[in-house]
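Visitor: the following comprises the amino acid sequence and a computationally predicted model.
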Amino acid sequence: MPMDSEEHAALWEAIRASGENWRPGENSMMLLMPDDRRRRLGYTPPSGEPSLTERETIAVAAREAMIAFRAIAPSAVALPAFVDWRHHNGNNYVNSVKDQKACGSCVAFGTAAALESRARIIEGIPVNATDGSRLPDLSEGHLFYCGNTLSDPCGMGWWPAAALDFATRTGVVPLTCYPYTAGNQACQPAPCANWQQLVTRVGTWNMLSGITSMKQWLNDNGPLIACFSVYADFYSYTGGVYAHASGQLEGGHCVCCVGFDDTKSAWLCKNSWGVGWGEGGYFWIKYGECGIDASMWGVDSIAEIHSQAVPAHRHAAGH
């Protein structure tokens with residue numbers, strides 16, 4: 001349901017009044033009805049983890065702590081001011097943007113994206129290498145429909161720890177082995193022939209806290225899984241550094257954080273709403289905003305990496 005001119009003008013005014021400068025406008029999400037937009041979310045923190053509201057409070061405190069630390073010890077942490085794994089020393093380690101469609105499977109998309117990039121970084125096979133296709137896209141469908149045991153996966157969503165646990169125990173098959181379909185479906189116990197030999201499987205993973213720790217991990221190891229609160233104005237994002245300006249809380253969402261920029265004071269994230277949303281499917285979000293950096297999750301090592309004819313000695317874990 002596209003915005004009318006009055007709604008567009010009101011949102012621009014709210015953004016200016018908040019002191020921010022991101023750009024709202026028409027995109028693929030704004031063509032949907034409100035209920036259909038909400039179906040593209042899918043993160044509800046599990047019992048024992050901070051709620052969405054608590055995550056927002058934690059993230060604001062983390063941003064303030066980072067600012068205070070910089071003031072006290074500006075050169076204590078030797079980190080670059082900018083990281084983008086799509087352009088890392090001339091190479092791209094981030095697979096293409098996908099579309100989860102009308103299903104709350106964002107956790108599976110964010111997790112698969114982080115695992116794909118980690119495998120590329122460990123193997124030294126960027127997307128733009130001559131043999132870049134040797135590492136396949138991973139199956140969000142296998143991860144979501146076989147790993148998620150909730151009664152209504154698309155409606156109830158998931159969380160990163162559960163997705164990473166499945167990727168550790170079972171692994172994730174290539175997308176060609178188990179194509180993704182938006183809509184609850186039974187797990188295919190044998191998605192394709194010899195599927196057990198085709199998995200990419202996590203070795204170890206961890207949850208990070210603190211903005212500096214996340215930036216250090218991103219710089220050293222690659223993209224992270226990140227989750228945050230989505231407010232109604234986020235659907236209309238077309239560019240710039242997002243910060244909540246208006247609209248109600250819609251729910252939680254997970255994405256893949258592929259970089260950061262201290263000049264912008266923002267994280268760079270890969271979404272799973274297709275290339276018709278945001279900056280070609282990507283967005284910038286301000287440090288400490290909407291709970292984005294209350295915690296993030298990273299793949300430390302990979303126990304198995306499936307590829308097309310990769311020499312045996314390359315099936316190694318760690319980095």
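Guide: Everything's here; your move. Numbering: from 1, shown residues only.
Visitor: rest of the way, CA atoms for contacts and neighbours
Guide: Fine.
Visitor: which residues touch residue 163?
Guide: By CA atoms under 8 Å, 6 or more residues apart in numbering, the residues touching residue 163 are 107-108, 111, 143-144, 147-148.
Visitor: what is the most widely separated pair among the residues you listed?
Guide: 111 and 148 (12.9 Å; CA to CA).
Visitor: which of the two has more neighbours?
Guide: Taking neighbours as other CA atoms under 10 Å, residue 111 and residue 148 compare with residue 111 leading, 30 against 22.
Visitor: the residue lying closest to that one once chain neighbours are set aside - how many residues pack around it?
Guide: With sequence-adjacent residues excluded and distances taken as CA to CA, 6 or more residues apart in numbering, residue 111 is closest to residue 225, at 6.0 Å. Number of residues near residue 225 (other CA under 10 Å) recorded here: 28.
Visitor: likewise residue 65?
Guide: 15.
Visitor: which stretches of the stretch 1-150 of the chain form helices?
Guide: Remark: helices assigned in the stretch 1-150 of the chain by DSSP state H, counting those that start in this stretch are 5-17, 34-38, 52-72, 106-123, 140-147.
Visitor: can you put those helices in CSV and add mean pLDDT?
Guide: Shown next, in CSV, are the helices of the stretch 1-150 of the chain (pLDDT from 0 to 100):
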stretch, mean pLDDT
helix 5-17, 89
helix 34-38, 97
helix 52-72, 89
helix 106-123, 98
helix 140-147, 98
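Visitor: now these in a markdown table, with distance to residue 206?
Guide: Formatted as a markdown table, the helices of the stretch 1-150 of the chain follow (distance: least, CA to CA, whole Å):
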| stretch | distance to residue 206 |
| --- | --- |
| helix 5-17 | 35 |
| helix 34-38 | 29 |
| helix 52-72 | 18 |
| helix 106-123 | 13 |
| helix 140-147 | 18 |
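Visitor: you'd agree residue 92 is up against residue 125?
Guide: No - using CA atoms under 8 Å as the test, residue 92 is too far from residue 125 to be in contact (9.1 Å).
Visitor: the strands in the stretch 201-319 of the chain, which residues?
Guide: Ranges of strands in the stretch 201-319 of the chain, per DSSP state E, counting those that start in this stretch, are 201-208, 224-231, 237-239, 241-242, 249-261, 266-270, 282-286, 296-304.
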